[in-house]
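Student: just a sequence and a predicted model for now, questions to come.
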4 protein chains.
Amino acid sequence: MTDLIVSVEDIKKHSSETNCWIVVDDVVWDMTEFAPTHPGGSDIIHKHAGLDASLAYNSAHSPSLISKTLGPSKRKGKIDSTTPTDLLKPPPTEEAQPKLEVGAKPALTTLINSCDFEAVAEKSLTKKAWAFYSSAATNLVTRDANKSMFDRIWFRPRLLRNIRHINTTTKILGQDVSLPFFVSPAAMAKLAHPDGELALARGCEKFGIAQCISTNASFTMAEITSSVKPESIPFFFQLYINKERFKSEALLKDAEKNGIKGVWFTIDGPVQGKREGDERVKVESATYAKAAISGAAATNDSKGGGLGRTMGGYIDDTFNWDDIAWLRKATKLPIVAKGVQTAEDAVLAVKHGLDGIVITNHGGRNLDTSPPSLLTLLEIRKHHPEVFSHLEVYVDCGVRRGTDIVKALCLGAKAVGMGRPFLYSLIYGQEGVEHFIDIMKDEMETTMRLLGITDLSQCHPRYLNICDVEHLIPRSLESPLPEIPQSAPRAKL
Amino acid sequence: MTDLIVSVEDIKKHSSETNCWIVVDDVVWDMTEFAPTHPGGSDIIHKHAGLDASLAYNSAHSPSLISKTLGPSKRKGKIDSTTPTDLLKPPPTEEAQPKLEVGAKPALTTLINSCDFEAVAEKSLTKKAWAFYSSAATNLVTRDANKSMFDRIWFRPRLLRNIRHINTTTKILGQDVSLPFFVSPAAMAKLAHPDGELALARGCEKFGIAQCISTNASFTMAEITSSVKPESIPFFFQLYINKERFKSEALLKDAEKNGIKGVWFTIDGPVQGKREGDERVKVESATYAKAAISGAAATNDSKGGGLGRTMGGYIDDTFNWDDIAWLRKATKLPIVAKGVQTAEDAVLAVKHGLDGIVITNHGGRNLDTSPPSLLTLLEIRKHHPEVFSHLEVYVDCGVRRGTDIVKALCLGAKAVGMGRPFLYSLIYGQEGVEHFIDIMKDEMETTMRLLGITDLSQCHPRYLNICDVEHLIPRSLESPLPEIPQSAPRAKL
Amino acid sequence: MTDLIVSVEDIKKHSSETNCWIVVDDVVWDMTEFAPTHPGGSDIIHKHAGLDASLAYNSAHSPSLISKTLGPSKRKGKIDSTTPTDLLKPPPTEEAQPKLEVGAKPALTTLINSCDFEAVAEKSLTKKAWAFYSSAATNLVTRDANKSMFDRIWFRPRLLRNIRHINTTTKILGQDVSLPFFVSPAAMAKLAHPDGELALARGCEKFGIAQCISTNASFTMAEITSSVKPESIPFFFQLYINKERFKSEALLKDAEKNGIKGVWFTIDGPVQGKREGDERVKVESATYAKAAISGAAATNDSKGGGLGRTMGGYIDDTFNWDDIAWLRKATKLPIVAKGVQTAEDAVLAVKHGLDGIVITNHGGRNLDTSPPSLLTLLEIRKHHPEVFSHLEVYVDCGVRRGTDIVKALCLGAKAVGMGRPFLYSLIYGQEGVEHFIDIMKDEMETTMRLLGITDLSQCHPRYLNICDVEHLIPRSLESPLPEIPQSAPRAKL
Amino acid sequence: MTDLIVSVEDIKKHSSETNCWIVVDDVVWDMTEFAPTHPGGSDIIHKHAGLDASLAYNSAHSPSLISKTLGPSKRKGKIDSTTPTDLLKPPPTEEAQPKLEVGAKPALTTLINSCDFEAVAEKSLTKKAWAFYSSAATNLVTRDANKSMFDRIWFRPRLLRNIRHINTTTKILGQDVSLPFFVSPAAMAKLAHPDGELALARGCEKFGIAQCISTNASFTMAEITSSVKPESIPFFFQLYINKERFKSEALLKDAEKNGIKGVWFTIDGPVQGKREGDERVKVESATYAKAAISGAAATNDSKGGGLGRTMGGYIDDTFNWDDIAWLRKATKLPIVAKGVQTAEDAVLAVKHGLDGIVITNHGGRNLDTSPPSLLTLLEIRKHHPEVFSHLEVYVDCGVRRGTDIVKALCLGAKAVGMGRPFLYSLIYGQEGVEHFIDIMKDEMETTMRLLGITDLSQCHPRYLNICDVEHLIPRSLESPLPEIPQSAPRAKL
């Protein structure tokens, strides 16, 4: 077979993805059809459309491979060696071109996971905002365990299954969502971006995921809910019970008026924890140096006492299980208790007829060495699996990866929340939020495929090996140590 | 509604906490009532009393939030825009103002936990004093485990309880104290501050907590006990039994005369451990270079032998359980054995009619790899819970956080002691001691609230998840390995 | 006995390994016979052949030792002290002479283990190639656990056995190999060296070990298999099932034609994992900055969607156990499933009549926190030991040492594969591959000898102490947590 | 009472330890009697004999303490303030005076534990000698675990016992020794010091402890044994069995002639392990670069093969249990097998009538991930406690502290050996060896006292909490995993 002679001009005419010729070792090939199935990705081929790809090709393949793979039908001929071929030279590749910077921040497209967003946040936020978001209680044991517990559970992937079509939709309190993760309520999103909770809502709208609005949001409920198309996504409202109940009642009315789909009242923060990162920023400013932090006020003046941790001063620290009756009366919305940390309290939530619980320790911000959320989830699942029949269980804290989400769901969670990661993505505004959701969605779907499941309903503990943490689940909910006898006979000599 | 016009002068009249107006986006608001319930804390508002708060407000809130929250009654009008408003400008905030330094030490108010005090101590004390206080036996395994064991026990917080009123009072040997922690006896407090044990006593007096005085205190018992109001706090006296018993008897008489409430005799230090940090400081000074350390004296001269560890040379290293009869005769005060490290010895303490025991390993200073105090506490609670019915159990070593205290109490301890942390706080004199107690008290109360308890009598193992350390408690007090048979038949080929 | 006088010239005549005299303290000794048994190695003696060895000798031995050890028969006399002895001076030793560098790489002889090759790879490969080879999924948990699990298993060496003759031969799918490890299939060996898979094949040929060829190899099957003598080593072929089955069928025909001995079809990569090291290299180049990575494409343009991870776009993600019937029909070669990660799937492989399985998680490259290969091996061995009767089990991932290989074999593996290490050795071409195989062979044989075994058939779990990892093996293959009851009666208050 | 006036001259007359006056705040005190019982040590007082001690006193004590403690009888009067008192000024203390350096090494007196000696060794030895001594097999897992296992066992100290008189004597193979640790055999002590094994022997002689001489010692047996007084300490002889048995027989005759008390033949080194630290030193020198290391010789020349690890080329690698009969015939000395690593081999040692075993893994130098010695000791004690009735068990490897020694004895060891630590102490010659023994003796005695035992016969597992490592002891000596069935029926679909 004699090759045709192909001119440089002719080659240049086939330089698009839909019409893609390349030159390899002076032979011209039509790659249009093959490119999408190229094991090394179509990108590297499309980058050379209408160009000489010999250099790139030969760095990875033997000379004969292309002919063997494509067959004679794709061979378009030989390049015309009588004319200059400079026009076919590909642009240089490896040398990194200057990164695109958006202000002081790296280009959004260079962020590829939740940790990248956190790294940007540490540098971009004001010292005060970073301290407020990132800090947690005292020794940070719980904050760090929230995360590390996920990596201590192994998957048990089942292979050789048809995993082409993935379905990640589910319902939260009866509301449709496209993905089983939501925006956890967190105060003051405006510290991250002027659009605050509005940008979060718009990002969620794009993907169809749920948002829970904090009592301490930067914007009003009406402003947030009206920032997206009506009923496009479900909103929930996080409530701190006010000592002045009428104020909470007003908020609940407001919630119903604004189309909120459920009330998540916080139970793990009757007082605020000791967040030392946050406190240090304060004691370092002269303004606060006069006021004592952490209740300590042993100054020279005789005033004594101290400021205490009054941030949550309006929160009703007497609110207890009996008061749920009031809450039921104050709203007709579904009610979720946010902050459950033991199987016993999960059972109480069922007994009091709640519609859901969020397992959370407030991101490790309140009581240090409270159990990591995943451990509480395991405890409930082990000792009171019936809880999952009666109400929906959500998990918050430490979720940073698609693998984390799938693990929580395999253990019975209906959905998981993320707080800090969403705030960090918000630094880029709505676009950052969307990019972040996209990443988590992709990680989750990849996890499902590689695990061998295609629908969230297939999530099950059998896909997990929990052996490395199983000993941390209490064997029984009884006291782990014997009681002290009330009147033991005195031992004799 | 038409707004009133408010003049700058008028606004400046409302610049106190009890009369607090602020300006936000040209509107004047009366914040007096709202400030104490502000979720973000009253400080930020009071800082802007009589000033324009727009900048701070807008960085965190949407424009509409203030109106929505306060309602029209708090709206005082609009600012008079015809006059200069420079006087309303708030002072700059974020830029840290120069820290207040007290000599070489950071301002006391910037210290917010026990670790901060330790960090100051390392820098402020003489090399010798720091080595003496901080050093521990050989590889430091026990010293570090004392601390880390606390963080390996998870809390099991119970939420939705009325936790407004906290009661932290208890009794030690029948004496009222306001908090369940006390000053552990430690030698030579004067190395930290000229006022030594006197400042410790005065700090304790302010809060009503107990102090245990070391045999090797820098001041006499009379000086220390008379430094506070009579009977204001209970003092205990730590005793090393002297080889010359009459000297110990004299000290015991002295104790009674000075109103001491109990004798805590040390049982874990018949000889002193090998504290290498301490020894290195000595071998580095030429004075000591001639004398051998650690009993090693292989010098060129023919003297041989060596100094040995003679520090505790006067301590009676023959003193044993049978000698407790003598001790009982020598004093009518309650007697506590300080240094119990096994359940067996706890049982012996009961058998010998003691009034209390301190679980301690001397801060890891004597025998390295002796069990961390928390482990001994667990061992006694598991195998001999009746011990707690017969005498009081105190725990020392490794306590650095309010969470640590509550954990020890949940496991049955009546109170906990702190040694090094009090010495480090003493660097700031009485004021430092008070600041430190205040911090610990606040941490403890916060822990109780977030754990769902309001009184120390509610402390119970069920509030703890001990799974991560449970395997470290001996399953039985019998030998963990089989005995060697005395006359085993020889195995045949 | 009077010594002969030996001249310098005479001594210089005995300066070879087979005729070796040395001088020690003016006495001349014949070392020819003794050198090979010298406890300190023959090298140090041969280095001094025909020279004065006094300096080296006296630094390690007492003057009398040589006479005592060799006896009078080896004493050749005393050196002639009347003539100059400069010629007997040994060359200086300790000062390191300049290292031989091959280009930028250290001399191959200075590489003594697989880690050394990895260190060279990191420095020598292009940034892109290094990222492609070394990267793994997300948090790298599985990649690292693959390795660390090996070191958590202790040997139980049995001593006092005749271990002179070691036999390391075995069979893979009936094919003879000299060693129980093979080259795992990995894409694009040409990125490491222009000779790519050809050099790998030639290295294997020298030692007689097996090679498995990747679907994505740089060379064609024909090129690779014909690069060595016919039938000199067994080749296997790794297959990704193509969505267009006829293409896979063509490859299978090709395999048979080229003398391939078995088809290893990959089951753990229906989609590619998220390899962030690899992705970062891409996002940093401007070419890719436009395209989103990880499915995230929240760029400013309205296109949305995203590139996704299309690299493996041609792979049939619907292929499942039922399709094995097709595979059986498409080839008469033995079939091995590559990617088994649970005992359940191993059992399925038996049920479907497969000839072998490779336990692998793709080097931790696909699903992070999938179980380390050694754990899967333990799981199968514990719960379904009969699997090993029905098919051959190979283990891949994390093998870096001869000890690792022996451990896998003791647990039932027929052979182990290595991927990255072979690619890294390939940087030095065929010679590097040979050097690497030689190292692994030596490590393996030394391990066998010191363990007390001489033939691979003696490998057995009793030579291992698996106590440190035993708790990680699921106790049962049932769900580790109770099922959620479908209609639990609601708990009552 | 009116004070006498004491002149400066008079005070200066009392400036010795046996006649010691000091001045505190112008009062003169006779400290002679009190100084030895001073809680802060007599040193600080003796340093001020005949001097003004006010500064030192007041930094630690209240002014009244001295009077209270000493009483009026020791008050010698007031200083004569009319004459100059410059002569009473103490020398400055805290400023470190220049350290005494012996050549490049720190003064021996500044070394206070075995780690200090190791640190000196790393700096003082030649690169080659340090590599030879310190290196171990491949990943160093066993070398490091040998040490760390000791720290994972907790003591269970029993207090309130009379521990004044400590007895550390014991017998090894019937020979009296003053302490239960001995010098392990190690090759080539001359690399550390010209006096080599002779200095070790003389150091042992001073304390009365045993020494085991290596087959590869730098000096002959006769030289070593005759370097101390006859029968002053027991010597043992470590034997590698030579392929040429008559050579071993000659050595054994030699041993008997030189008064050796037992033969310790090595069983864990039929071939040498891969010690990479050692190999790297070799490959870096040009001489060795030509020869392959680790059996790898893929050089360009066609010679192939390789040097291999020929160091132990004369060792009989066929020697096995049956050959012990030969050994019994070749000597009438007690026989000890050095290198036992499993309970099974310990039982075989009993069956073959040996007199002792050394549990050792050659300092982690031979087979990496062989079990740490302490684990083997635990395994034997758990599964075959009768072994300890039939022969003596010694433990080697990882012993660095007095606490380590006591733990090994509590688990049944008769004595422990130390290899590297003795070599490192030898850098200072005999004096260093003595200093090191003195340190270990002091550490051991302190441990016994603080543990509550006074005689080695009281050592018992009940003084240990082994919970942290107990799971590492095989539950049974049977295979930890089920056997592979020989003809399992094929599972059906």
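Tutor: Thanks, I have the structure now.
Student: tell me the domain boundaries of chain A?
Tutor: According to automatic domain parsing, chain A comprises the domains A:5-88, A:105-273+A:315-472, A:275-308.
Student: up against chain B, what does the stretch 1-150 of chain A have?
Tutor: Contacts of the stretch 1-150 of chain A with chain B, taken as CB under 8 Å from any CB of the partner chain, map to A:126, A:127, A:128, A:138, A:139, A:141. Using the backbone N, CA and C atoms, a C-beta is placed for each residue, glycine as well.
Student: wait, doesn't the fourth one sit right on residue B:400?
Tutor: Going back to what we said before, that points to residue A:138. No: applying CB atoms under 8 Å, one finds residue A:138 not in contact with residue B:400, separated by 9.5 Å.
Student: any common contacting residues for these two?
Tutor: residue B:113 (CB atoms under 8 Å, 6 or more residues apart in numbering or on different chains).
Student: give the bridge partners for the closest residue to residue A:66 other than its chain neighbours, please.
Tutor: Excluding its sequence neighbours, the residue lying closest to residue A:66 (CB to CB, 6 or more residues apart in numbering or on different chains) is residue A:24, at 5.7 Å. Per DSSP bridges, the residues bridged to residue A:24 are residue A:27.
Student: coming back round to it: any chance of JSON lines for the residues of the stretch 1-150 of chain A next to chain B, columns distance to chain D, secondary structure and neighbour count?
Tutor: Output for the residues of the stretch 1-150 of chain A next to chain B, formatted as JSON lines (distance: CB to the nearest CB, whole Å; DSSP: H, G, I helix; E, B strand; the rest coil; neighbours: other CB atoms under 10 Å in any protein chain shown):
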{"residue": "A:126", "distance to chain D": "45", "secondary structure": "coil", "neighbour count": "12"}
{"residue": "A:127", "distance to chain D": "40", "secondary structure": "helix", "neighbour count": "14"}
{"residue": "A:128", "distance to chain D": "43", "secondary structure": "helix", "neighbour count": "16"}
{"residue": "A:138", "distance to chain D": "26", "secondary structure": "coil", "neighbour count": "26"}
{"residue": "A:139", "distance to chain D": "22", "secondary structure": "coil", "neighbour count": "21"}
{"residue": "A:141", "distance to chain D": "20", "secondary structure": "helix", "neighbour count": "20"}
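Student: residues in the stretch 151-300 of chain A within reach of chain C, list them.
Tutor: Checking the stretch 151-300 of chain A against chain C by CB under 8 Å from any CB, the hits are A:151, A:153-164.
Student: still on that earlier bit, between the residues of the stretch 1-150 of chain A next to chain B, which is closest to chain B?
Tutor: residue A:141 (5.1 Å; CB to the nearest CB).
Student: what's that closest one in contact with, if anything?
Tutor: A:364, A:368, A:369, B:151.
Student: give me that answer again for 7 Å
Tutor: By CB atoms under 7 Å, 6 or more residues apart in numbering or on different chains, residue A:141 lies in contact with A:368, A:369, B:151.
Student: distance of residue A:78 from chain B?
Tutor: 67 Å (CB to the nearest CB, to the nearest Å).
Student: where among the domains of chain A is average confidence lowest?
Tutor: Comparing mean pLDDT over those, the weakest stretch is domain A:275-308, at a mean of 50.
Student: so which residue of chain A comes closest to chain D?
Tutor: For chain A, CB to the nearest CB, closest residue to chain D: residue A:471, 10.7 Å.
Student: neighbours of that residue, just the number please.
Tutor: Residue A:471: 13 surrounding residues under other CB atoms under 10 Å in any protein chain shown.
Student: hang on, it in a strand?
Tutor: No: the assignment for residue A:471, made by DSSP: H, G, I helix; E, B strand; the rest coil, is helix rather than a strand.
Student: which non-adjacent residue is nearest it?
Tutor: residue B:467 (5.8 Å).
Student: isn't that neighbour right next to residue A:472, touching?
Tutor: Yes: using CB atoms under 7 Å, residue B:467 and residue A:472 qualify as a contacting pair, with a distance of 4.7 Å.
Student: picking that back up, which of the residues of the stretch 151-300 of chain A next to chain C are buried? Put it as a ChimeraX command.
Tutor: Buried residues among these (16 or more other CB atoms under 10 Å in any protein chain shown), as a ChimeraX selection:
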select /A:151,153,154,155,156,157,158,159,160,161,162,163
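Student: out of the residues of the stretch 151-300 of chain A next to chain C, which are inside strands?
Tutor: A:154, A:155 (DSSP state E).
Student: including distance to residue B:44, could the residues of the stretch 151-300 of chain A next to chain C go into a markdown table?
Tutor: Converted to a markdown table, these look like this (distance: CB to CB, whole Å):
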| residue | distance to residue B:44 |
| --- | --- |
| A:151 | 39 |
| A:153 | 42 |
| A:154 | 47 |
| A:155 | 46 |
| A:156 | 51 |
| A:157 | 51 |
| A:158 | 54 |
| A:159 | 56 |
| A:160 | 60 |
| A:161 | 56 |
| A:162 | 58 |
| A:163 | 52 |
| A:164 | 55 |
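Student: what's the burial count for the closest residue to residue A:77 other than its chain neighbours?
Tutor: Once flanking residues are discounted, residue A:77 sits nearest to residue A:4: 3.3 Å by CB to CB, 6+ apart. Using other CB under 10 Å, residue A:4 has 12 other residues around it.
Student: same check on the one 5 residues further on?
Tutor: Close neighbours of residue A:9, defined as other CB under 10 Å, add up to 10.
Student: related to what we said a few turns ago, roughly how far does the residue nearest to residue A:66 sit from residue A:78?
Tutor: 11 Å (CB to CB, to the nearest Å).
Student: between those two, which has more neighbouring residues?
Tutor: Taking neighbours as other CB under 10 Å, residue A:24 and residue A:78 compare with residue A:24 leading, 22 against 16.
Student: so who does that one touch?
Tutor: Contacts of residue A:24 (CB under 7 Å, 6+ apart): A:53, A:54, A:57, A:66.
Student: now for these, which pair is the farthest apart?
Tutor: A:54 and A:66 (10.4 Å; CB to CB).
Student: picking that back up, in this structure the residue nearest to residue A:77 contacts residue A:80, no?
Tutor: No: counting by CB under 7 Å, residue A:4 stays clear of residue A:80, with 9.8 Å between them.
Student: for the stretch 201-350 of chain A, what spans make up the strands?
Tutor: A:211-213, A:235-239, A:263-266, A:335-340 (DSSP state E, counting those that start in this stretch).
Student: quick one: residues in contact with the shortest one.
Tutor: Outside strand A:211-213, the residues within contact range by CB under 7 Å, 6+ apart are A:182-185, A:197, A:200-201, A:204, A:221, A:224, A:233, A:235-238, A:264.
Student: one more: the last one?
Tutor: When contacts are defined by CB under 7 Å, 6+ apart, strand A:335-340 is touched by residues A:238, A:262-269, A:327-328, A:346, A:349, A:354-360, A:362, A:376, B:159.
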